[in-house]
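Participant: Starting from these lines, generate the structure:
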Amino acid sequence: MLQWRQETNIPEIYKWVEDNKEKYNLIKTLYPVKVHGFDKKDRPIVYDGLGMLPAGRFAKLVTVEDFRKYHIHFMEELGKMMRARTKKLGRAVFQLTAIVDMGGMNASHRHFIQYFKVISRIDQQYSTRLELCRRLLLLLLAVVIYSSQMLVLLLLLLRRLLQATFHK
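Facilitator: Numbers count the residues shown, from 1 in each chain. Next up, the predicted model:
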């Protein structure tokens, strides 16, 4: 983890956010992931509206590298939130509850696979420090599958999600 953080140069990520507010806000607008309070055990609830993502448009407007930086920044901020919660409660908060809403997914989401791979790799790095995504509370599958390609895409996304969620 420490080696990854040094290689990633976290301070450079924060500088990128400051220097690229327009790109950062574009990604924030297009990619529906937010922290929505805390569950009964005071873990942050992260809602990821993957099915609402305009994947084709996202792929045209956002580079994989910019998205990688955005996601690292999101994870860093989430870590800060969890450390502040730990300090406030006087006990460790090192898990989160993830809600991934796949309602609305369609064939255009195949454009997001390369970005999803980036998320999975980053989350695996953070999982060693934060015990991140140990459990998945809710997975909303309201997906209409029109072709075998869509089924393959769905299975790939689910596999990556589960690997990132339950990876030790």
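
Participant: can we go C-alpha only for contacts and neighbour counts from here?
Facilitator: Will do.

Participant: and the gap between Leu157 and Val100?
Facilitator: The gap separating Leu157 from Val100 is 11 Å, by Cα to Cα, to the nearest Å.

Participant: lowest average confidence, helix or strand, in this structure?
Facilitator: Of the helices and strands making up the chain, the lowest-confidence element is strand 135-140, at a mean of 36, by mean pLDDT, DSSP states H and E.

Participant: Could you pull up the contacting residues of the nearest residue to Phe58 once chain neighbours are set aside?
Facilitator: Counting by Cα to Cα, 6 or more residues apart in numbering, Phe58 lies nearest to Leu30, which is 6.8 Å off, once chain neighbours are set aside. For Leu30, the residues meeting the contact criterion (Cα atoms under 8 Å, 6 or more residues apart in numbering) are 53-54, 58.

Participant: Filter the residues you listed down to the buried ones.
Facilitator: Listed as buried from the contacts of Leu30 are 53-54, 58; burial here means 16 or more other Cα atoms under 10 Å.

Participant: Which element, helix or strand, includes the nearest residue to Arg68 once chain neighbours are set aside?
Facilitator: Among residues not flanking Arg68 along the chain, Val118 sits closest, at 6.3 Å (Cα to Cα, 6+ apart). Taking DSSP states H and E as the criterion, the element that holds Val118 is helix 113-130.
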